[in-house]
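Colleague: turn this into a model:
(chains A and B)
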Amino acid sequence: MMRQTLALVAAAVTSALSSASTARDLTIVSWGGAYQDAQRQVYFQPFTQATGIRIVEDSWDGGIGVLRTRAGAGNQTWDLVQVESEELLLGCDEGLFEKIDWQRIGGKDHYIPQAVHECGVGAILYNVVLAWDRNRLQATPTWSDFFDVHRFPGKRGLRRGVKLTLEIALLADGVPRDQVYALLRTEAGVERAFRKLDTIKPHIVWWQAGAQPPQMLGAGEVTMTTAYNGRITNANRAEGRNFGIQWRDSLFTIDSWVIMKGSPNRDAAYRFLDFAKDPLRQASLLALIPYGGTARGANEGLSADLLAVSPSNPENLNVSLMIDDVFWMDHLDRLSQRFNAWLAR
Amino acid sequence: MGRERVKLEAALLLAPLLLFIATSFVAPIAAMLWRGVSDMEVPRAFPRTLAALADWDGRNLPGDQVFAALADELVAARAAGTLNAAAGRLNSDTPGLRTVVFTTARRLARGVEGSPRAAILAADPAWGEVETWGALRRAGATPTDTHLLAALDLRRSADGTITSVPEEQRVFRAVALRTVWIGLLVTLLCLVLGYPLAAALVFVPRRLFGLLLFAVLLPFWTSLIVRTAAWMVLLAREGIINQAFLALGLVVEPVQMLFTRTAVLVAMVHILLPFMVLPLYAVMRQIPRAQLRAAASLGAGPVAQLVRVWLPQTLPGVGAGALMVFIQAIGFYVTPALIGGGADQMLPYFIGFYATQTVNWGLAAALSILLLVGTLLILALFGRFLSLAQFRAA
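Modeller: Next up is the predicted model:
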């Protein structure tokens, strides 16, 4: 009797354990904070209501090392992770992610072309833009005005670092968007960018954290600055600022969803991606947080207010340049060294 | 016997502290510094390739066994997750090698057709260049002087001679000089401001003494970041100081104070001043007043009393204060980063930059070695000066 009971208990425990390991809830990992709150409202909770599939949320701060450790751990506990473009490239190279089966999520043509990658589905699009305070500067400046301190006196804010700084210098010098990276791959192009930067060097204020540009604009510390579009829109919405965004020749990047290799919840992950591809749903994120949707048509039917702040609004997107991560992975070391030497002179 | 026991007891009492220092301080720092003279990423990923490259002549493409080893190890490293670090290390030597390594590994992982040599050369033409193999061999040596040389704006060319890097890549020599210069300026300013203040602490009446000491110590108890942020508010274009200047009619438009060398100096002096005042005060308090009266009774005027009696006896305090201020000043990171401009950054900023931005730990470690050795040298120099001063004071 005793032995039978023990055997029964053992069998029950074993089956409970095995079902627990196969039926782990779909684990989605994103950036936390206000952004993940918005995602929960727009995607996570409606998805569970519609499909009955429960979601466990986690958040992370990025870094390929974390993904590598997770992939090597054997028992994969993350299923769907939002990654930055650089982690997408590195992780895909190293085989950390599943290859995306686009047929299961509406086909590649459902999305804007920049959002389609071998290993990732674009989730949001955001830009580094030229921003200024409309209350102080009644104009719509461009990058060439950014470099013209005679017509528009005052300091200029740029992120301390070589990345994007060189692109902006070339754009200001009249280089068309589609030639910027080809030119930067040549010595002459890099030289030209640094010469252009020389012209405003004493007028540059270097910022480091994304929270600084709106603060510097608000305090009148700078006349124009580079900034993340989301920070500017948030300052306008939450603090009643009147900051302007110049979309022409702004630089954008995309965060993507990836499915971790060996995820036991692949099917649920695909169902989530299929759910999240709905353009109307993506559009509703924009009212909460100003990041652009990646499905075609995610900007149709939006109010003029929202269209004006949407990075993936075709009017904004078509005049923006996508940041070339492959270029920066190859050249960041050497160009950083040169930038630091230039800065120190 | 009794003495032995006392020694043992003392050692046992100190053991927890020594263990703590060894594990939380000495070991991590040593491990980090070791990275400055070693290269671990490439040997970890390509041990057999490097062994096969050992007797390569460096002029022609290496032999078939090197290609075969590399083909195996590229695929193995990609699967093991060690390829990225190795590719990153090669890329910091020769831009573009990261992509070359990954493209080749990806192609080979799909299967090698024909000889490894043909497959590798077909995957990326860069493997047909001698320089690519030179970079691989350079990144495989331990101990290596690559990072230390780079920290001094030097590099070893293919034939082994050491040369300066091209003009537009030079940065660290200027930064090291600037670090020392800012450190000296801050020390001097602290001395000029702190010396009279410390003397005042000795001579003022009791009531005023409490107030003055409180004023010295108050900033001492406030967080460094908070004090730096406070200076940002004060010095900003529309900050309190500029507004006061404008209201008083001293200037017609706001003066740029933030993001300048002056702002860095002002904030650093403010933060470091207590470290000058306190040792000075400690030394000055012990000088007997009677000596000054005795000097006066023997006919010494105020200047002679100061220069011949007072000043020599305060020199140990000057040395201790200057040492503390200088060593802390050359390690400053947050304050110059927040309120300095591009040309006001010191060595610690670059250590942080290479450790976190480009993940070039070798160079970050080499710069740390530079800073540490510099600090130790100065410590040794000051040490001699200090003991000399004490000798003279005695």
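Colleague: give me the domain ranges for the chain.
Modeller: Went with chain A since none was named. Here the domain parsing of chain A from automatic domain parsing is A:2-125+A:254-313, A:126-252+A:320-344.
Colleague: wait, I meant chain B there
Modeller: Split by automatic domain parsing, chain B gives B:1-35, B:41-144, B:172-393.
Colleague: buried ones in the shortest one?
Modeller: The one in question is domain B:1-35. B:Met32, B:Arg35 (16 or more other Cβ atoms under 10 Å in any protein chain shown). The way it works is simple: take the backbone N, C-alpha and C, and place the C-beta from them, glycine included.
Colleague: A:Ala304: which of the domains of chain B is closest?
Modeller: domain B:172-393 (32.8 Å; Cβ to Cβ).
Colleague: do the closest one and chain A meet?
Modeller: Yes - with Cβ under 8 Å from any Cβ of the partner chain as the criterion, chain A is reached by domain B:172-393 at B:174-175, B:178, B:236-238, B:256, B:258-259, B:337, B:341-343, B:345, B:350, B:353, B:357-358, B:360.
Colleague: shaky segments in the stretch 251-394 of chain B?
Modeller: B:385-394 (pLDDT under 70).
Colleague: for the spatially most central residue of chain B, which residues are in contact?
Modeller: Geometric centre of chain B, nearest residue: B:Pro348, 3.9 Å, by Cα atoms, centre = their mean. Contacts for B:Pro348 were tallied using Cβ atoms under 8 Å, 6 or more residues apart in numbering or on different chains; they are B:Gly331, B:Phe332, B:Tyr333, B:Leu371.
Colleague: ok, and the most crowded of those?
Modeller: B:Phe332 (25 neighbours; other Cβ atoms under 10 Å in any protein chain shown).
Colleague: show me where chain B has strands.
Modeller: B:154-156, B:162-164 (DSSP state E).
Colleague: give me whichever of those is most buried.
Modeller: strand B:154-156 (a mean of 17; mean count of other Cβ atoms under 10 Å in any protein chain shown).
Colleague: briefly note if that strand comes near chain A.
Modeller: No - Strand B:154-156 does not reach chain A (Cβ under 8 Å from any Cβ); its nearest approach is 11.3 Å.
Colleague: chain center to that strand: distance?
Modeller: Distance, stretch centre to chain centre, for strand B:154-156: 21 Å (Cα atoms, centre = their mean, to the nearest Å).
Colleague: a strand runs through A:Ala71, doesn't it?
Modeller: No - secondary structure of A:Ala71 (DSSP: H, G, I helix; E, B strand; the rest coil): helix, not part of a strand.
Colleague: mind pulling the model confidence for it?
Modeller: Here the pLDDT value assigned to A:Ala71 is 78.
Colleague: for it, give me its contacts.
Modeller: A:Leu96, A:Met260, A:Lys261, A:Gly262, B:Gly81.
Colleague: kindly recompute the last result at 10 Å.
Modeller: A:Trp78, A:Gly91, A:Glu94, A:Gly95, A:Leu96, A:Phe97, A:Met260, A:Lys261, A:Gly262, B:Gly81 (Cβ atoms under 10 Å, 6 or more residues apart in numbering or on different chains).
Colleague: what is the burial count for the closest residue to B:Ala263 other than its chain neighbours?
Modeller: Distances taken as Cβ to Cβ, 6 or more residues apart in numbering or on different chains place B:Ile339 nearest to B:Ala263, at 4.8 Å, with adjacent residues excluded. The tally of other residues near B:Ile339 (other Cβ under 10 Å) stands at 24.
Colleague: for A:Trp206, same thing?
Modeller: 19.
Colleague: equivalent analysis for A:Asp255, please.
Modeller: A:Asp255: 23 neighbours (other Cβ under 10 Å).
Colleague: same question for B:Leu53.
Modeller: 21.
Colleague: thought it was touching B:Ala69?
Modeller: Yes - at 8.6 Å, B:Leu53 counts as touching B:Ala69 under the criterion of Cβ atoms under 10 Å.
Colleague: get me the contact residues on the stretch 1-150 of chain A for chain B.
Modeller: Contact residues (Cβ under 10 Å from any Cβ of the partner chain) of the stretch 1-150 of chain A with chain B: A:64-65, A:67-69, A:71-72, A:89-96.
Colleague: need the worst-confidence member of the residues you listed.
Modeller: A:Gly72 (70).
Colleague: how about that one: what's its closest non-neighbour residue?
Modeller: B:Gly81 (6.2 Å).
Colleague: on that earlier part again, of all the domains of chain A, which one is nearest B:Thr23?
Modeller: Short answer: domain A:2-125+A:254-313, nearest of the domains of chain A by Cβ to Cβ, at 23.1 Å.
Colleague: neighbours of the closest residue to B:Arg48 other than its chain neighbours, how many?
Modeller: The shortest distance from B:Arg48 to any non-neighbouring residue, by Cβ to Cβ, 6+ apart, is to B:Ala69 (4.2 Å). For B:Ala69, the neighbour count with other Cβ under 10 Å is 20.
Colleague: for ChimeraX, what selects the buried ones among the residues of the stretch 1-150 of chain A next to chain B?
Modeller: Those of these that count as buried under 16+ other Cβ under 10 Å are selected in ChimeraX with:
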select /A:64,67,68,71,89,90,91,92,93,94,95,96
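Colleague: ok, the residues of the stretch 1-150 of chain A next to chain B vs B:Val186, which is closest?
Modeller: A:Gly65 (37.5 Å).
Colleague: out of the residues of the stretch 1-150 of chain A next to chain B, which are inside helices?
Modeller: Per DSSP state H, helices hold the following members of these: A:Ile64, A:Gly65, A:Leu67, A:Arg68, A:Thr69, A:Ala71, A:Gly72, A:Leu89, A:Leu90, A:Gly91, A:Cys92, A:Asp93.
Colleague: B:Arg227 - how many residues pack around it?
Modeller: 16.
Colleague: again but with A:Asn234, I slipped
Modeller: So A:Asn234, with other Cβ under 10 Å, has 19 neighbours.
Colleague: B:Ala365 too?
Modeller: Neighbours of B:Ala365 (other Cβ under 10 Å): 25.
Colleague: what sits closest to it if chain neighbours are left out?
Modeller: B:Gly36 (3.4 Å).
Colleague: repeat for A:Gly62
Modeller: That would be A:Glu84: by Cβ to Cβ, 6+ apart, it lies 5.9 Å from A:Gly62.
Colleague: my guess is the one you found contacts A:Trp328. True?
Modeller: No - between A:Glu84 and A:Trp328 there is no contact under Cβ under 10 Å: 11.9 Å.
Colleague: show me which of the two is the more surrounded one.
Modeller: Between A:Glu84 and A:Trp328, counted using other Cβ under 10 Å, A:Trp328 has the larger neighbour count: 20 against 17.
Colleague: can you tell me the SS state at that one?
Modeller: Following three-state DSSP, A:Trp328 is assigned to helix.
Colleague: in contact with A:Gly297, which residues?
Modeller: Per Cβ under 10 Å, 6+ apart, neighbours of A:Gly297: A:His110, A:Ile112, A:Asp278, A:Pro279, A:Leu280, A:Gln282, A:Ala283.
Colleague: show me what contacts residue 51?
Modeller: You didn't pick a chain, so chain A it is. A:Thr51 touches A:Leu26, A:Ala268, A:Arg271, A:Phe272, A:Asp274, A:Phe275, counting by Cβ under 10 Å, 6+ apart.
Colleague: if you could check chain B rather than the one you did, that'd help
Modeller: Contacts of B:Ala51 (Cβ under 10 Å, 6+ apart): B:Pro43, B:Gln65, B:Val66, B:Ala69, B:Gly140.
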